[in-house]
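*Asks:* Would you be able to build a 3D model of this:
(2 chains)
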Amino acid sequence: MSKTIQWETDFSKALKRAKTEKKPVLLDFFNPG
Amino acid sequence: MDAVTYPDANVVECITENVIPLRIPFDSEPYATDFNIKWTPTLVFMDEKGKEHYRNVGFLPSDELVPCVLFGVAMTYYELDLFPEALDNLEKIISGFAKSGSAPEAVFFKGVCGYKHTHDPKPLKQAYEKLNADYKESEWAKRAMPYRLLP
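*Replies:* Numbers count the residues shown, from 1 in each chain, chains lettered A, B, ... in the order given. Predicted structure coming up:
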């Protein structure tokens, strides 16, 4: 288990992973400051 | 969220196991417009086609984010008519995070999913009874009031 969240940063890649891994996507719209 | 919530081990485990985590700056187009983002943080739960099923706006501590993630996952499955998967996640909230802000809504939708999965009204009545017993002051107890009349 990773000790940090391994965030995707590419929208299309995340959707492809969602299809392959059969999981929803959690999209965090954040303020990088 | 970066300083307090996301580093929490329980949050890392929950997100890693249950969702594909994706981060995009709030002003990144076309996503900011497509998702009508007005405040941060905004968490959007979506399916593999990019369709939104649930969102949360505002900071959450770790003990609220974990049940929020489980609820977002449950709502995604619910809206895709995958009721057993939705029920599994709702039950995790009810049994493991009973004092969280997500719990009353999870009880309500456990009743709804149970009914839609079985076409038996008993889960709706059970949802009303649990909300009335454990979360009487919540808005979800009020929304479930009609179910008290079910047999």
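*Asks:* Could you find the closest non-adjacent residue to residue A:3?
*Replies:* residue B:12 (6.5 Å; Cβ to Cβ, 6 or more residues apart in numbering or on different chains). The C-beta positions use only the backbone N, C-alpha and C, and glycine is treated the same way.
*Asks:* Now name the helix or strand holding that neighbour.
*Replies:* helix B:9-18 (DSSP states H and E).
*Asks:* Repeat that for residue B:65.
*Replies:* Assigned by DSSP H and E, residue B:65 falls in helix B:62-79.
*Asks:* Give the rounded mean pLDDT of the helix or strand following that helix.
*Replies:* Using DSSP H and E, the helix or strand that directly follows helix B:62-79 along the chain is helix B:83-96. On average, the pLDDT along helix B:83-96 is 98.
*Asks:* just stretch A:21-29 next, same as before
*Replies:* 98.
*Asks:* got the CA coordinates for it in PDB?
*Replies:* C-alpha atoms of stretch A:21-29 as PDB (Å, rounded to 0.1, in the frame of the first residue of the first chain):
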ATOM      1  CA  GLU A  21     -10.000  -1.400 -12.900                       C
ATOM      2  CA  LYS A  22     -13.800  -1.100 -12.700                       C
ATOM      3  CA  LYS A  23     -13.700   1.800 -10.200                       C
ATOM      4  CA  PRO A  24     -15.300   5.200 -10.100                       C
ATOM      5  CA  VAL A  25     -13.100   8.300 -10.600                       C
ATOM      6  CA  LEU A  26     -12.700  10.800  -7.800                       C
ATOM      7  CA  LEU A  27     -11.900  14.100  -9.400                       C
ATOM      8  CA  ASP A  28     -10.400  16.700  -7.000                       C
ATOM      9  CA  PHE A  29     -10.600  20.200  -8.400                       C
END
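*Asks:* buried stuff in that stretch?
*Replies:* A:23-29 (16 or more other Cβ atoms under 10 Å in any protein chain shown).
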